[in-house]
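J.: give me the fold of what follows.
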Amino acid sequence: MSKAIHMMVRVLEEERSLAFYETALGLKVADRFDFESFTLIYLRNEAADFEVELTVNKDRSAPYELGDGYGHIAFCVDDVAAERERMAAAGLAPEEVKEFFREGNLMARFFFITDPDGYRIEILERHGRYR
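T.: Numbers count the residues shown, from 1 in each chain. Model prediction:
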């Protein structure tokens, strides 16, 4: 049986990305591996073993083109409205909270934020299948 362990995104500025992921999601550096032409930084928090891997290519000066294939990564929280307000107060520009209903029942309550490199992140309230 397989287990998801991390997702990787390429970022332009290490410090800017580290500050964003810590402020927005409470992710801290679990490991950092510096190589000649790139650096790998693994972020996580106590809520899960799953990590976000930031790859910083040292010779890169132009922003990455995300293309049309990337969708988003999702994180769940206990209170989506409170998290949105906290992120707004931190200047992270979260989008408005939305709700999806299916067959008359709440399926999801969520909002999106975008990291400094343009990657979208969905913040879902713990409910139903989102735990």
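J.: same question for Ser17, what's its three-state structure.
T.: For Ser17, the assignment made with DSSP: H, G, I helix; E, B strand; the rest coil gives helix.
J.: please name the nearest non-neighbouring residue to it.
T.: Using Cβ to Cβ, 6 or more residues apart in numbering and skipping residues adjacent in sequence, the residue nearest Ser17 is Val11, 4.2 Å away. Every residue, glycine included, has its C-beta placed from N, CA and C.
J.: isn't the one you found right up against Asn57?
T.: No - applying Cβ atoms under 8 Å as the test, Val11 and Asn57 come out as separate, 9.1 Å apart.
J.: higher neighbour count, those two?
T.: Val11 (25 against 13; other Cβ atoms under 10 Å).
J.: and that one, what does it touch?
T.: Ser17, Leu54, Thr55, Val56, Asp115, Pro116, Asp117 (Cβ atoms under 8 Å, 6 or more residues apart in numbering).
J.: give me the contacts around stretch 31-49.
T.: Applying Cβ under 8 Å, 6+ apart, the contact partners of stretch 31-49 are 5-6, 14, 18, 21-22, 25-30, 50-59.
J.: the strand ranked longest in the chain - contacts with which helices or strands?
T.: For the chain, the longest strand by residue count, based on DSSP state E, is strand 105-114. Judged by 3 or more Cβ pairs under 8 Å, 6 or more residues apart in numbering; DSSP states H and E, the packing partners of strand 105-114 are helix 80-89, strand 98-102, strand 120-125.
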